[in-house]
Each structure stands twice: as C-alpha cells, then as structure tokens.
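Asker: Give the three-dimensional model of this entry:
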Amino acid sequence: MRIGKQPGIGRRLLSLVVLLWVLGFAWFALVLPQPIGAGRSDAVIVPTGGEGRIGRGLEALDRGWARKMLVAGVDREVKPREFAAEYRVAPRRMACCITLDTESVDTRTNARIAADWIAKNNVRSVRLVTSDWHMRRAAWELEHVVPANVTIARDAVRSRPSLRILFLEYNKLLARRVGALVGL
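Answerer: Residues are numbered from 1 along each chain as shown. Take a look at the predicted model:
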C-alpha cells in the first residue's frame, strides 16, 4: 500500500453524496409546506399548473387577505372573459384586481414576470399560492428576483403528489440551486 493514498475514497465520497441526496429527498417528500390562514398581503401571486391554486388565490381576494392577484403562466389562448367565466369572477373584480400573465412559461419566468409586476404595482408583501410540492422551488425563484424588502408568505395548496412528481421536483430544486451556485 502506498503512503498517502487511501483506498476507496472515491466510493466513500460517492456514498456520502448518495446518502445526502436520499436524506434530502426524504425530508422534501415527507415535510411538505402547508397552507397558511388569514393574513394580509398587498397581493397574491399564483403560478398556474396545479389543482386548487387559482381557487386559493381567489379565496385570498374574497376574504380581503390581498387586494390584487397575478396569475402567472396563463395559456396565451385564454382570454380574461374566459378566465372570469371559468372561475366565476365578476367583471368589476377582473378589471380591478386580477392580472393574467401569458408570457411566462416555467417557474423561473413566472418569478421574473412576478417581480416586474410587483415593482410596477408597488407591492411590499406577497402571498405566494402554489402546490405544496412546488412551493419550495417557486418561493426560492421568487425570493431571488424581488427586492429584499418584499415579504413573501408561502401559502401551499395541499395535494397528493405522486412519487414521480416529488422525485422530479426535488431534482429540479437541486439543479436550480446548484446552477445558481455556479452562475447558471
């Protein structure tokens, strides 16, 4: 045996990385973010893509928890009147309080569009409404593009995600965080 060279250090390092990934995934899957109750915010941000998200955002408006709402990632084909009809939103509420973003296409662009909307509307506090399994990444993306003085309350919509959804979302979150560390 050579002095200074330990056998199996690569395998041990790989084992450590795999163990950390498994433990992180277990935490991610078992400890999902939860809904929050009453609490006032200037606005609600709702990324599309999951059941119950828009309903929860509208509930926040109806209960007076926020004054306005941005729905990020709406399909370009959806017109405001169609949205209003689908979710039973009065025309006056639609005109004053709800903005439909049709430009963003993923969580990252949802955050960028939301940050622009937040600045344009002078918003200081936001209730972020998204699925429990999506909350960590959506909040992380938003926190990295809004000014530090904007408060983000995480209001998760409970769901029953499959193991596949959890696996994909956990790895997307890891990839974004690693990408941010290396400047991507």
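Asker: can we go C-alpha only for contacts and neighbour counts from here?
Answerer: Noted.
Asker: biggest helix in the protein by residues?
Answerer: Ranked by residue count and defined by DSSP state H, the top helix of the chain is helix 9-30.
Asker: what about dumping the CA coordinates of the helix or strand just after that helix to CSV?
Answerer: Sequence-wise, the next helix or strand beyond helix 9-30 is strand 43-47, with elements assigned using DSSP states H and E. As requested, C-alpha coordinates have been extracted for strand 43-47 and formatted as CSV (Å, rounded to 0.1, in the frame of the first residue of the first chain):
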residue,chain,number,x,y,z
ALA,A,43,-51.0,40.9,-3.5
VAL,A,44,-51.4,37.2,-4.3
ILE,A,45,-49.1,35.5,-6.9
VAL,A,46,-50.5,32.3,-8.3
PRO,A,47,-48.4,30.2,-10.8
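Asker: pLDDT on strand 43-47, on average?
Answerer: Along strand 43-47, the predicted confidence averages to a pLDDT of 97.
Asker: Partner strands of it, with direction?
Answerer: For strand 43-47, the pairing partners within the sheet under DSSP bridges are strand 68-72 (parallel), strand 125-131 (parallel).
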